[in-house]
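> Pasting the sequence and the predicted model now:
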Amino acid sequence: MTDLLEAKGTRRGPIAVLLRPDVLVPVGVTILAGAIRLWNLAKPASLVWDEVYYGVDAANPFSADVELRAVHPPVGTKLIGLGVALFGEDAFGRRIMPWLAGTLVVLLTYFLARRLLGSVWWSGLVALFVALDGLQIVNSRTAVLEIFLSLFVLAGTLLFLRHLEASRASPGHLGPWTLACGLVMGLAVSTKWIVAPALAGMIVLTFLDADRTARRSLVRPVLVAFVLTPLAVYVASYTGTWVATDTTPLEWVHRQLDILEFHRDLAAPHAFASRAIGWPLMIRPVPYFTATRPDGQASEILAVGNPALWWSFVVALPVLLVSWWRERHRTVEVVLAAWLVLYVPWVLVLRNQIFFYYLTPFVPFMALGLVWCLREATRRTRFGRPLTVMVTGAVVVCAVVFLPLWLGLWVSPEHLERLLLFEGWHFR
């Protein structure tokens, strides 16, 4: 009886569970992120940036005509279309699924950081930085594809880490984590091809992480999970084409080649395009919306990151490279692998029309790398703690200052001018 009473005494009620740091921190940061992204989501009511494509197509996302004339695979449009089906063919309906995806990105960032860093508080800081990043906020409030890529790549990374653990324990075994990773990355590639290097990187890292003696046994599970499964997801994403038309597989393949040719030959200049080498410094962000009211008030939605986060990461990148060379930390490996597959390929692209917001999926890894550096500085030096406070304060202050640019708030032209820091930020 005494043992039973002691057991009852140690039970925690729901309030006590919610107040545990490992629950309170991720829930609190996720709620904050969701609230920022949800504020006045239906404004502006007009189509913003590439909503003229994806927002319009989302009204009939399973249409074969939409699938076959689009220049990107259809998963992202179908997800936007789910929001339209549930909430109506208006601004709120077409933006609610990007909002949900962007909010989940913050939560998954916490889980990834917790897995790699261990600490609730450091992981919460990583998630907070993503919650307060402008590029993530803008794309979470717009019916475009990049925020879905961010969600799928993060989920794929979490599953990939579990896959590596399972492969070490049982080489050659096709486990659920491996299949799930291939499935999620298939959804990513079926949203936009630009994350294909991430899938290729996972294949390479699977073999590099294994012992030489075990690599031969990995061929079959890698082929099934990272080649055949994503391919099956990709083909299945064209549901309307297969169900409603007589399109043959060969005709469908020719359509994919047409898409490839379109992107390869996209040579026309664009006022908002920029070379990838300048993206980390945010030299040329992209304006999604601009307007002026009769009373002179101005509104602009600028797809630009949080300057304190982005520029701090530029400083931290050499530290990460040196740390990887010397000690091979798993967290550093993940950040640098993401940098190699999500950013570096764009530096090699010579096409005219490439845009800064293509880096949206990399933002969580940017935050992870920066916080890892801050944690190591705190562990090893006396100035680590004040440096962490200073960087965190700078991220929060920048978020408050630049929120009008990210949410499209109406401000005076003079105030808007002060927010546009560089010549490359001016488009009016």
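Looks like it came in fine.

> Correct me if wrong, but V349 is in a helix.
No - using DSSP: H, G, I helix; E, B strand; the rest coil, the assignment for V349 is coil, not a helix.

> neighbours of it, just the number please.
Using other CB atoms under 10 Å, V349 has 14 other residues around it. Quick note: C-beta positions are derived from backbone N, CA and C, even for glycine.

> Is it in contact with R275, as I believe?
No - applying CB atoms under 8 Å, one finds V349 not in contact with R275, separated by 9.1 Å.

> any idea of the mean pLDDT in stretch 44-53?
Confidence over stretch 44-53 (mean pLDDT, whole number) is 87.

> Contacts for it, please.
55-56, 70, 90-91, 94, 142-145, 286, 288-289, 291, 299, 301, 303, 408 (CB atoms under 8 Å, 6 or more residues apart in numbering).

> for stretch 15-33, same thing?
102-103, 106-107, 110-111, 114, 120-121, 123-124, 127-128, 130-131.

> which of those count as buried?
Buried members of those, scored by 16 or more other CB atoms under 10 Å, are 102-103, 106-107, 110, 114, 120, 123-124, 127-128, 130-131.

> follow-up on the earlier one: of the contacts of stretch 44-53, which qualify as buried by neighbour count?
Using 16+ other CB under 10 Å as the burial test, these include 55-56, 70, 91, 94, 142-145, 286, 288-289, 299, 301, 303, 408 as buried.

> The longest helix anywhere in the chain packs against which elements?
Of all the elements of type helix in the chain, the one with the most residues (DSSP state H) is helix 91-117. Packed against helix 91-117 by the contact rule (3 or more CB pairs under 8 Å, 6 or more residues apart in numbering; DSSP states H and E) you find helix 21-38, helix 75-87, helix 120-131, helix 134-140, helix 146-169, helix 330-342, helix 363-380.

> can you do 6 Å?
Secondary-structure packing of helix 91-117 (3 or more CB pairs under 6 Å, 6 or more residues apart in numbering; DSSP states H and E): helix 21-38, helix 75-87, helix 120-131, helix 134-140, helix 146-169.

> Leaving out chain neighbours, which residue sits closest to E300?
Excluding the flanking residues, the one nearest E300 by CB to CB, 6 or more residues apart in numbering is T290, at 4.8 Å.

> count of residues packed around that neighbour?
For T290, the neighbour count with other CB under 10 Å is 14.

> so how far is D133 from it?
Counting by CB to CB, to the nearest Å, the gap from T290 to D133 is 21 Å.

> Nearest residue to the middle of the protein?
When CA atoms, centre = their mean is applied to the chain, the residue found nearest the centroid is S150 (2.0 Å).

> what about the helices in the stretch 201-350 of the chain?
212-215, 219-223, 229-236, 239-244, 249-264, 307-327, 330-342, 344-347 (DSSP state H, counting those that start in this stretch).

> For stretch 280-289, what is the distance to the chain centroid?
Here stretch 280-289 is found 17 Å from its chain centre; the criterion is CA atoms, centre = their mean, to the nearest Å.

> Buried ones in that stretch, by neighbour count?
P280, M282, R284, P285, V286, P287, Y288, F289.

> export these to TSV and tack on pLDDT?
TSV is the format used below for these (pLDDT from 0 to 100):
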residue	pLDDT
P280	93
M282	91
R284	89
P285	92
V286	90
P287	90
Y288	90
F289	90
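
> which of the residues you listed sit farthest apart?
Spatially, the most separated pair among these is P280 and F289, at 24.3 Å (CB to CB).

> thinking again about what came up before, pick the most buried one from the helices and strands packed on helix 91-117.
Among those, the stretch with the highest mean neighbour count (mean count of other CB atoms under 10 Å) is helix 134-140, at a mean of 30.

> pLDDT of that one, averaged?
What helix 134-140 shows for mean pLDDT is 96.

> Provide the contact partners of that helix at residue level.
37, 98-99, 102, 130, 146-147, 303-306, 360, 363, 402, 406 (CB atoms under 6 Å, 6 or more residues apart in numbering).

> Now do the same for G13: its pLDDT.
69.

> Let me fix that, I meant to ask about R264.
On the pLDDT scale, R264 is placed at 77.

> Next: M1.
48.

> Show me the shaky parts of the protein.
Low-confidence segments of the chain, defined by pLDDT under 70: 1-13, 17-18, 427-428.

> Alright, calling it a day.
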